[in-house]
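Peer 1: build the 3D model from these lines:
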Amino acid sequence: MALSLSIKSLVIIIISIITIIVGTLLLIQISELKNLKLPQRLSLGEKIILEVTPKSSQQGTVFLITAKTSKLRENQDFYLTLSSKTFEKQLILYDDGEHQDEKSSDGIYSGLFDSTSISIGKYEIKNENETLSELIIYKSGCEIIEGSPDNNKINFVFLPSDYEDFNEFRKDAIKIIKGRNSLLEIEPFSSNVDKFNFIIINITQDLECKIGCKGFPQSVCCNNNRVMEEASQCDYDNIIVLINNSEICGLSSNYAKICSKNQFSGFILTHELGHTFGDLADEYVYTEVYPEYKKEENEINSPNCDIEGCKKWMDIEEGCFQGCTESNLYRPSENSIMREASYPKFNKVSELQLKKIINNYQTVTLKNKKSYFVNLRYNKGNINIEKIFLKPIKTTLPLRKTPYILEIKEKSNIVYKSPLYLPTTEYSVQDLIGTPIQQQEFELPILIPYFENADSFNILEDENVLTKASLEMFARTCGNNICDKSENHISCPKDCNLENDNFCENSICDPNCASQENCETKQKTKSIIAMILIITALIAIFLTLIKSLPLKLT
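Peer 2: All right, here's what the predicted structure looks like:
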């Protein structure tokens, strides 16, 4: 049976085929619209302020990039370009309140840049052709001057201040730890040399150290953020800043700062490490050398001071001498390096405390070679968390007594808990004797261990939460079939759909955007129309062919 088609039937079939093609193309276009990005352009008069944290760091650092726009945008994603002469990469920033960008939809966008597989060098961050900022990725400048590359050793890291010649800094550091009247001549450091690494760092920034700050001629103040950022080029357990100066100066808090050119610098370093490393107290009475000093607490927890009777060291052949930070407290010996910084010896109680720390250090050092670098601001008991990024170094548990506790959580479960030392008291040097300085305000970067699925951390004092922060933006949870708070359709399409991520992205059709809230309905309407056209055309072709079956082509 031959198929016979009239001209009219041919026209109907051709029109129907064209209709099918048009309908199919319309369906394809509708499906592609959801993933179509609009060109990102600055509006007239709009400006962008970009901040990179840190500005420079070693390879493997995860940088925090923050952009502040002068005009609010509806979309919550922002695209920039990181480039050098041989490299280009797109950076995506988010304004959802979950990426250290403050509040959602406030014109502040933040995101992370992982430099793990990126070459060393200087990179520009651009918006189209405008350079907004730059970041520098460098090779760590760590040099061991005593010890060996052993992860199980205790690392003392030295940073230079006011040195123009790095070789001069190296010589001074070696002299202070190994020369005459040096750290390694004093027990228990001298008999445990094989357990230490002494490292110097060729730094890239000025530490802004000043002698005579806070009203005391022998005290030293540095930029804490820069000290901690530069020290974190290496795995460190203790930090010492050497100031290229012959005056007698020193200050210890969470790290030690001393002048390197005077005859007592090795002893002063040992005294300051008694504080920062051994958690030892000064063994003189503060009010004798510092009349304005007023102690807020009634007792001291340090192992080398006790109440009358000295029960803390009753099993040790030591004495009980009145005067140990307070006149009503007692010290183990008449004199020691913790009483007078020029005295070249610890007493037995202090020496045993240091030996205990040295021998147990391996059990309290975390092996994870990645840490959160957290910037804290302390103000009269209040703590604010400002910026967090990642560094490719290990975290060491603090060994000093403190009322503060750090908790890291994953889905409400505590995965890490440890004491957190905050240097509310600093110990300066005056006529070779330390004096306390009460700090009411300070900035303090800290390292805490990285857990890839952690979502938050808390800082507590006496079981009361002082502050907390989210870690979700660092978590590797994409692929768990849950659209977590810090995830969206852009960052994790595996878990988040365009419709259900509560995030307005820079696309043609995102129903989370107010201007496009009816977009999904319109697209569905267009899809229905396209399907009707295709189905109608197929029916038309089918009926035309049926009618043409008994006919012969004329």
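Peer 1: mind picking out the helix or strand in this structure with the poorest mean pLDDT?
Peer 2: Every helix and strand in the chain was compared by mean pLDDT, DSSP states H and E; the lowest is helix 286-289, with a mean of 62.
Peer 1: alpha carbons only: can I get the next helix or strand after that helix in CSV?
Peer 2: Where DSSP states H and E defines the elements, the next helix or strand beyond helix 286-289 is strand 321-324. Presented in CSV, the C-alpha positions along strand 321-324 are these (Å, rounded to 0.1, in the frame of the first residue of the first chain):
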residue,chain,number,x,y,z
PHE,A,321,61.5,30.9,101.9
GLN,A,322,58.9,33.6,102.3
GLY,A,323,58.2,35.8,99.3
CYS,A,324,57.0,34.4,95.9
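Peer 1: in strand 321-324, which residues are buried?
Peer 2: Residues 321, 323-324 are the ones in strand 321-324 that count as buried (16 or more other C-beta atoms under 10 Å). Every residue, glycine included, has its C-beta placed from N, CA and C.
Peer 1: mean confidence score for stretch 264-283?
Peer 2: In this model, stretch 264-283 carries a mean pLDDT of 93.
Peer 1: over to stretch 162-176?
Peer 2: The model assigns stretch 162-176 a mean pLDDT of 96.
Peer 1: which residues are contacting that stretch?
Peer 2: 143, 145-146, 158, 160, 182-183, 198, 200, 202, 209, 242-245, 260-261, 265-266, 269 (C-beta atoms under 8 Å, 6 or more residues apart in numbering).
Peer 1: same question for stretch 468-476.
Peer 2: For stretch 468-476, using C-beta under 8 Å, 6+ apart, the contacting residues are 62, 98-100, 112, 372, 374, 385, 388, 390, 408, 450, 452-459, 484-486.
Peer 1: among those, which ones are buried?
Peer 2: When the contacts of stretch 468-476 are checked for burial by 16+ other C-beta under 10 Å, the buried set is 62, 98-100, 112, 372, 374, 385, 388, 390, 408, 450, 454-459, 484, 486.
Peer 1: in strands, which of these appear?
Peer 2: Mapping those onto strands (DSSP state E) picks out 62, 112, 372, 374, 385, 388, 390, 408, 456-459.
Peer 1: and these as JSON lines, adding distance to residue 328?
Peer 2: Shown next, in JSON lines, are those (distance: C-beta to C-beta, whole Å):
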{"residue": "62", "distance to residue 328": "50"}
{"residue": "112", "distance to residue 328": "53"}
{"residue": "372", "distance to residue 328": "42"}
{"residue": "374", "distance to residue 328": "38"}
{"residue": "385", "distance to residue 328": "39"}
{"residue": "388", "distance to residue 328": "43"}
{"residue": "390", "distance to residue 328": "47"}
{"residue": "408", "distance to residue 328": "40"}
{"residue": "456", "distance to residue 328": "43"}
{"residue": "457", "distance to residue 328": "39"}
{"residue": "458", "distance to residue 328": "36"}
{"residue": "459", "distance to residue 328": "33"}
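Peer 1: as CSV, these with pLDDT and distance to residue 548 would be great.
Peer 2: Shown next, in CSV, are those (pLDDT from 0 to 100; distance: C-beta to C-beta, whole Å):
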residue, pLDDT, distance to residue 548
62, 98, 69
112, 97, 65
372, 96, 75
374, 96, 78
385, 93, 78
388, 97, 74
390, 97, 72
408, 96, 76
456, 96, 72
457, 95, 76
458, 96, 79
459, 96, 83
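Peer 1: give me the domain ranges for the chain.
Peer 2: Split into domains by automatic domain parsing, the chain comes to 7-35+518-548, 48-138.
Peer 1: and the ones you listed, which is most packed in?
Peer 2: Neighbour counts (mean count of other C-beta atoms under 10 Å) averaged over each of the domains of the chain peak at domain 48-138, with a mean of 18.
Peer 1: what's the first-to-last distance across that one?
Peer 2: Using C-alpha to C-alpha, to the nearest Å, the end-to-end distance of domain 48-138 comes out at 27 Å.
Peer 1: ditto for stretch 321-335
Peer 2: End-to-end span of stretch 321-335 (C-alpha to C-alpha): 9 Å.
Peer 1: so which of the buried residues of strand 321-324 is the closest to residue 231?
Peer 2: Nearest to residue 231 among those, counting by C-beta to C-beta, is residue 324 at 31.3 Å.
Peer 1: low pLDDT regions in the chain?
Peer 2: Per-residue confidence of the chain (counting by pLDDT under 70) places the weak regions at 1-5, 26-44, 287-300, 362-365, 430-435, 517-518, 520-526, 549-554.
Peer 1: could you pick out the longest helix of it?
Peer 2: In the chain, with assignment by DSSP state H, the single longest helix is helix 519-548.
Peer 1: who are the packing partners of that helix?
Peer 2: Identification of packing neighbours for helix 519-548 by 3 or more C-beta pairs under 8 Å, 6 or more residues apart in numbering; DSSP states H and E yields helix 7-33.
Peer 1: check which helices and strands the next helix or strand after the helix it packs on sits against.
Peer 2: As assigned by DSSP H and E, the chain's next helix or strand after helix 7-33 is strand 48-53. Helices and strands touching strand 48-53, as assessed by 3+ C-beta pairs under 8 Å, 6+ apart, comprise strand 62-69, strand 121-127, strand 130-138.
Peer 1: redo those as TSV? Include distance to residue 333.
Peer 2: Shown next, in TSV, are the helices and strands packed on strand 48-53 (distance: least, C-beta to C-beta, whole Å):
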stretch	distance to residue 333
strand 62-69	49
strand 121-127	55
strand 130-138	47
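Peer 1: any idea how far the closest residue to residue 274 other than its chain neighbours lies from residue 107?
Peer 2: Nearest non-adjacent residue to residue 274, counting by C-beta to C-beta, 6 or more residues apart in numbering: residue 280, 4.2 Å away. Distance of residue 280 to residue 107, given as C-beta to C-beta, to the nearest Å: 50 Å.
Peer 1: could I get the buried residues of strand 321-324 as a markdown table with distance to residue 284?
Peer 2: Conversion of the buried residues of strand 321-324 to a markdown table gives the following (distance: C-beta to C-beta, whole Å):
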| residue | distance to residue 284 |
| --- | --- |
| 321 | 11 |
| 323 | 6 |
| 324 | 8 |
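Peer 1: pick the one among those residues closest to residue 78.
Peer 2: Ranked by distance to residue 78 (C-beta to C-beta), the buried residues of strand 321-324 are led by residue 324 at 57.9 Å.
Peer 1: and the closest one, bridged to which residues?
Peer 2: Taking DSSP bridges as the rule, residue 324 bridges to residue 326.
Peer 1: list the contacts for residue 15?
Peer 2: Neighbour list for residue 15: 537, 540 [criterion: C-beta under 8 Å, 6+ apart].
Peer 1: at 10 Å instead, please
Peer 2: Contact analysis of residue 15 by C-beta atoms under 10 Å, 6 or more residues apart in numbering lists 537, 540-541.
Peer 1: and which of those residues is nearest residue 67?
Peer 2: Among these, residue 537 lies closest to residue 67 (C-beta to C-beta), at 49.7 Å.
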